[in-house]
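Undergrad: The sequence and its predicted three-dimensional model are supplied below.
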Number of protein chains: 2
Amino acid sequence: MKSFIPYNSNSDFSIYNIPFGVALIKDDYITCCTRIGDKVIDLAILYEKGYFNDIKGLEENVFQDFSLNDFIELGKIVTNPTRLKIQELLTESSQLSKDQETINQAFFEIEDVSMLLPVHIPNYTDFYSSLEHATNIGSMFRDPENALLPNWKHIPIGYHGRSSSIVISETNFHRPKGQTKPADSDKPIFGPTKQLDFELEMAFIVNKHTNLGESIAINDTEDAIFGMVIFNDWSARDIQSWEYVPLGPFLSKNFCSSISPWIVTLEALDFFRTTSPKQDPEVLDYLKFEGDKNFDIQLQIYLKPENGTENLISETNYKYMYWNMNQQLAHHTINGCNIEVGDLYASGTISGTTPNSYGSMLEITWRGENPLKLNNGDERKFIEDNDSIILKAWCEKDDIRIGFGNVINTVLPAL
Amino acid sequence: MKSFIPYNSNSDFSIYNIPFGVALIKDDYITCCTRIGDKVIDLAILYEKGYFNDIKGLEENVFQDFSLNDFIELGKIVTNPTRLKIQELLTESSQLSKDQETINQAFFEIEDVSMLLPVHIPNYTDFYSSLEHATNIGSMFRDPENALLPNWKHIPIGYHGRSSSIVISETNFHRPKGQTKPADSDKPIFGPTKQLDFELEMAFIVNKHTNLGESIAINDTEDAIFGMVIFNDWSARDIQSWEYVPLGPFLSKNFCSSISPWIVTLEALDFFRTTSPKQDPEVLDYLKFEGDKNFDIQLQIYLKPENGTENLISETNYKYMYWNMNQQLAHHTINGCNIEVGDLYASGTISGTTPNSYGSMLEITWRGENPLKLNNGDERKFIEDNDSIILKAWCEKDDIRIGFGNVINTVLPAL
């Protein structure tokens, strides 16, 4: 497939992607859009021009909105044909390729738009589904010989996060303050965190409401998953270790979480499906699945100090996840918990088997014991003021590449 | 003060209360309303009739809505005078008392309305602020000699809950299913919970948005607290004990939480302020407060079996809470976590010092070791199918009484 819009072969936004986002166009108006190469395309204008007239179920211009919620709520029966129609419109010799007036009105350079949160997120849950990450944390804080807790291989462990503080890439935030208890003190102290960390995660966004009491059977879960984004679950480790017993992480997490702007659909990811790690012991029936439910998504973490260049500090892959999205969503609803359109479900930190594939500074530097050397000669145990963290994610196979772009945030000094 | 609407001296909805709620009127339309005695009053109609014309800042009929969010977002500078105006309108010889046409249009019997969720709740946090409850749980599951964890007296411990599954009183729900691990099994099993429980809590609702990075100083917190409701944090103890390490309660809680329909304002509660338990050790500066920040709210729990009468199974008081709302909100935002209008913050289970004042079956029956005898001869370790739980809350002093009504839910058999 070839588009009439030229792009580099290493672009995340190839003709095979067709992601969805929300943009502020030229500081003027907000609209739902897609992207190819470095062009952002206003979907509300394509709708007005009649390009979606043959999509059944797309009876209103839902793209003329501040969020994608109304669009994705239409379900895959509408969103899939819409995405395929956009793809067709962007190929060479399409009707749109010859419609210069619409191209002039609806196509913008990426530099001319500001990306916004793509969906309103009513609820956010964070899972803990990487075996390697859970093993690292268990080894570090409990017992290396019994790193995994007894429930871990039976339950896709998760907890509720705070949706209000989820922000879009390029939103910077101030180092959070809070209560910590230094090892050498018998009392807690108050001040800016000294152990600010990122967590490399992926997250999926759901497209439907269910009623209280309703469960989504594991074979039906993919119909409810619209697509995925990169997720950075920013964490303050010193606040976390003091607060988290017995009810879990709270202020150590809810000061900021950040996502990449483009939702890549499950259908775009379909070509990159792969097998999952074998689950042993066998899981309960409601968590059993068939087929390839993992995805080969390459992941990178870069740290850029204030006056320096990007340092690649870790590389891993989403395909290593022990628990998959289908299992996460089936588990989340097995008790009748209702889901809402736009809900975000994050994977938990994604770590590989070696330090250069770990998904957090906590693991990469092993609690600061092995500081990381940057290419400007600096060292890092955790994240310092004015550091930027950039997470990247993409899929590549048989010369086909699609990607998520990145999520980047810079840490500002504490207020 | 005397109203032209007669009510019993033991009514929760005296002229001193003037709570706010949202009702479906005669299965016909939804509106914001208040209540006095057994009359529900449509505030949108009072607005239309010009009764709020002299309230500055109330420029639109925000009562004509499915939620109170837009009203409470106006802030106390508007909501307090509005409440006082309603109170004045309901006194004897008021202008309204002589306006039979408006009374006919706007006043309804409580039997003719269905109460709905009073606010859209963007985020929900559950605290763990009763010393007696935390001590009971610590004694039961850890060490009676060291029941409290080291952080408990320094931090108002809390965790994020699921806002999607918060329902209004009289919403019944099915016994949740899930994964548990019986003590005599080496594998988890799947099925309906065998240890369904309630938690008696109070919750407050906030009236403002803050920006990410902003904190609310403890002395400013009350301006952000619109009012309170009764909260039942339904819990499945067998699911909880298997899932909760290390990230806290999840499916054991998110199948249902229920609230009472009427938000009682902090201003109505003002007359019932009382001192707090002394906090020792001294808390960090950002948690220090002055004045009476606890409230003398009497609390009762009733259990009604399917074919039986109400059994009073516990009585306690909100005034025993170790951590107060001001501290909870100051703590929640000290790291810059942003709050949203309608957010709900629950107290955690409220327990007194003796079994007949405990706030959960887990404590009342001490994990089922001391079953509760009901007046029909039945016994209960936990909650059985078709049992109803009724939580009541009210304040009484110097012949003045205001209350919250109740929150009642019946447990239906598992689906």
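TA: Done, it's in.
Undergrad: Name the SS class of residue A:21, please.
TA: Judged by DSSP: H, G, I helix; E, B strand; the rest coil, the three-state class of residue A:21 is strand.
Undergrad: Is it in contact with residue A:35, as I believe?
TA: Yes: at 6.8 Å, residue A:21 counts as touching residue A:35 under the criterion of Cβ atoms under 8 Å. Every residue, glycine included, has its C-beta placed from N, CA and C.
Undergrad: Between these two, which contacts overlap?
TA: residue A:262 (Cβ atoms under 8 Å, 6 or more residues apart in numbering or on different chains).
Undergrad: Residue A:332: helix or strand, and which one exactly?
TA: Using DSSP states H and E, residue A:332 sits in helix A:325-333.
Undergrad: From the contact counts, what lies against that helix?
TA: strand A:158-160, strand A:200-206, helix A:221-224, strand A:344-346 (3 or more Cβ pairs under 8 Å, 6 or more residues apart in numbering or on different chains; DSSP states H and E).
Undergrad: Quick one: distance of that helix to the chain centre.
TA: Centre-to-centre, helix A:325-333 and its host chain are 17 Å apart (Cα atoms, centre = their mean, to the nearest Å).
Undergrad: got it, and stretch A:394-405?
TA: 16 Å.
Undergrad: who touches that stretch?
TA: Applying Cβ under 8 Å, 6+ apart, the external contacts of stretch A:394-405 come out as A:9-14, A:16-17, A:19, A:169, A:228-230, A:260-262, A:264, A:268-269, A:271-272, A:295-298, A:392-393.
Undergrad: Give me the contact list for the helix holding residue A:332.
TA: A:125, A:127, A:129, A:155-156, A:158, A:204, A:206, A:210, A:214-218, A:221-222, A:224-225, A:283, A:286-287, A:289, A:293, A:339, A:345, A:347, B:251.
Undergrad: Over to stretch A:46-63?
TA: A:31-33, A:42-44, A:64, A:70-71, A:74-75, A:77-78, A:81-82, A:85-86, A:89, A:95-96, A:99, A:102, A:106.
Undergrad: For residue A:304, which residues are in contact?
TA: Residues near residue A:304 by Cβ under 8 Å, 6+ apart: A:310-311, A:387-390.
Undergrad: could you redo those as a markdown table and give each row distance to chain B?
TA: Shown next, in a markdown table, are the contacts of residue A:304 (distance: Cβ to the nearest Cβ, whole Å):
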| residue | distance to chain B |
| --- | --- |
| A:310 | 25 |
| A:311 | 27 |
| A:387 | 17 |
| A:388 | 17 |
| A:389 | 17 |
| A:390 | 20 |
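Undergrad: What remains of these if I keep only buried residues?
TA: Using 16 or more other Cβ atoms under 10 Å in any protein chain shown as the burial test, these include A:311, A:387-390 as buried.
Undergrad: for whichever residue of the stretch 101-250 of chain A sits closest to chain B, helix, strand, or coil?
TA: Among the residues of the stretch 101-250 of chain A, residue A:248 lies closest to chain B, at 2.7 Å counting by Cβ to the nearest Cβ. At residue A:248 the chain is in coil, as set by three-state DSSP.
Undergrad: Now do the contacts for the nearest residue to it once chain neighbours are set aside.
TA: The shortest distance from residue A:248 to any non-neighbouring residue, by Cβ to Cβ, 6 or more residues apart in numbering or on different chains, is to residue B:248 (2.7 Å). For residue B:248, the contacting residues are A:159, A:246-249, B:159, by Cβ under 8 Å, 6+ apart.
Undergrad: and if you look at residue A:164?
TA: A:254, B:122-123, B:337-340, B:343.
Undergrad: Now these in CSV, please, with extra columns for distance to residue B:183, neighbour count and pLDDT.
TA: Output for these, formatted as CSV (distance: Cβ to Cβ, whole Å; neighbours: other Cβ atoms under 10 Å in any protein chain shown; pLDDT from 0 to 100):
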residue, distance to residue B:183, neighbour count, pLDDT
A:254, 35, 27, 98
B:122, 40, 22, 98
B:123, 36, 27, 98
B:337, 38, 25, 98
B:338, 43, 20, 98
B:339, 41, 25, 98
B:340, 42, 17, 98
B:343, 38, 26, 98
